[in-house]
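Q: sequence and predicted structure are below.
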Amino acid sequence: MNRSNGSLIVHDGPPEVAAALAHLFVTEANAAIAARGRFSVSLAGGSTPKAAYALLAELPASRALDWRAIDVFFGDERCVGPDDEQSNYRMAKLALLDAVTIPAANVHRMHGEEEPALAAGAYRSTVLATLGPQPRLDLALLGMGPDGHTASLFPGTDPFTDDKLLVRAVYATSQAQWRLTLTPHVLNAARAVAFAVEGSAKASTLRAVREGTYEPSRYPAQSIAPSDGRLFWLVDRAAAGVSA
């Protein structure tokens, strides 16, 4: 795979990263709907995306979107029920989806409450049925952990394992928990990918992912390099190692 570092955009702090993510969502949605009549996006979990979703819920430009033309997917999910406090779906629902006029049929959640392998297969079918045999998201939102994981692609395992399956069940040893995740095959086909990264705890990892040796099994975030799309790193000063 050709590696691309993408565009690094440094913001003052987490609130500014969240705002940039919210505005990117609106910009990409408007462009996709104007060009192709629909917009497909995969959402990420985490505190910065949560803040971005809350901002989206209030933005006039977001409220003006044709949410009937938007399909929402999830980059990953914990194997818990939709009402569990750990659920990425629950977080996105409370922060954003309940506040906008998106039809329920357009929200494609991962069924984490089901047996992991069966849930992965079912979500693969949902992705293919909605996006076609060569699924291409318009925008994939991602975070990155201090260990370099992204979505539910964790260090210690080749992130390209079963890549063509599009969705796979992953046992996260560090969390002692099963998870579901989109594979790099799906994420790298997106027209745009945006990482949101904040905090000094991630500074050394961010530098290694972007500038270090290519070791995707050590830093799974390195596996994300869109083949025919744009890659954005929306980071704060602390994560970028830049002093105020």
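A: Great, that's in hand. Numbers count the residues shown, from 1 in each chain.
Q: quick check: which ranges of the protein have low pLDDT?
A: Residues of the chain meeting the criterion pLDDT under 70: 1-4, 244.
Q: name the single longest helix found in it.
A: helix 14-36 (DSSP state H).
Q: in this protein, which spans are strands?
A: For the chain, the strands defined by DSSP state E cover 7-11, 39-43, 70-74, 76-78, 139-143, 167-172, 177-182, 192-197, 230-236.
Q: Throw those into a markdown table and include distance to residue 52 and mean neighbour count, thanks.
A: Where you see a C-beta, it was placed from the backbone N, CA and C, and this is true even at glycine. Shown next, in a markdown table, are the strands of the chain (distance: least, Cβ to Cβ, whole Å; neighbours: other Cβ atoms under 10 Å):
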| stretch | distance to residue 52 | mean neighbour count |
| --- | --- | --- |
| strand 7-11 | 12 | 16 |
| strand 39-43 | 10 | 24 |
| strand 70-74 | 14 | 23 |
| strand 76-78 | 17 | 24 |
| strand 139-143 | 8 | 26 |
| strand 167-172 | 24 | 20 |
| strand 177-182 | 19 | 24 |
| strand 192-197 | 7 | 26 |
| strand 230-236 | 9 | 22 |
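Q: residue 153 is nearest to which of these?
A: strand 177-182 (6.0 Å; Cβ to Cβ).
Q: so which elements touch the closest one?
A: Counting contacts by 3 or more Cβ pairs under 8 Å, 6 or more residues apart in numbering; DSSP states H and E, strand 177-182 packs against strand 76-78, helix 116-131, strand 167-172.
Q: in the longest one, what counts as buried?
A: Of the residues in helix 116-131, 116, 119-124, 126-127, 131 count as buried by neighbour count, 16 or more other Cβ atoms under 10 Å.
Q: gap between that helix and the chain center?
A: 17 Å (Cα atoms, centre = their mean, to the nearest Å).
Q: one more: stretch 47-56?
A: That offset, for stretch 47-56, works out to 13 Å (Cα atoms, centre = their mean).
Q: pick out the most distant pair among the buried residues of helix 116-131.
A: The distance between the two most remote of the buried residues of helix 116-131 (Cβ to Cβ) is 22.1 Å, for 116 and 131.
Q: adding distance to residue 35, write the helices and strands packed on strand 177-182 out as a markdown table.
A: Listed next are the helices and strands packed on strand 177-182 as a markdown table, based on distance: least, Cβ to Cβ, whole Å:
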| stretch | distance to residue 35 |
| --- | --- |
| strand 76-78 | 28 |
| helix 116-131 | 16 |
| strand 167-172 | 26 |
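Q: make TSV from the buried residues of helix 116-131 and add distance to residue 9 to it.
A: TSV is the format used below for the buried residues of helix 116-131 (distance: Cβ to Cβ, whole Å):
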residue	distance to residue 9
116	35
119	35
120	33
121	37
122	36
123	31
124	32
126	32
127	29
131	27
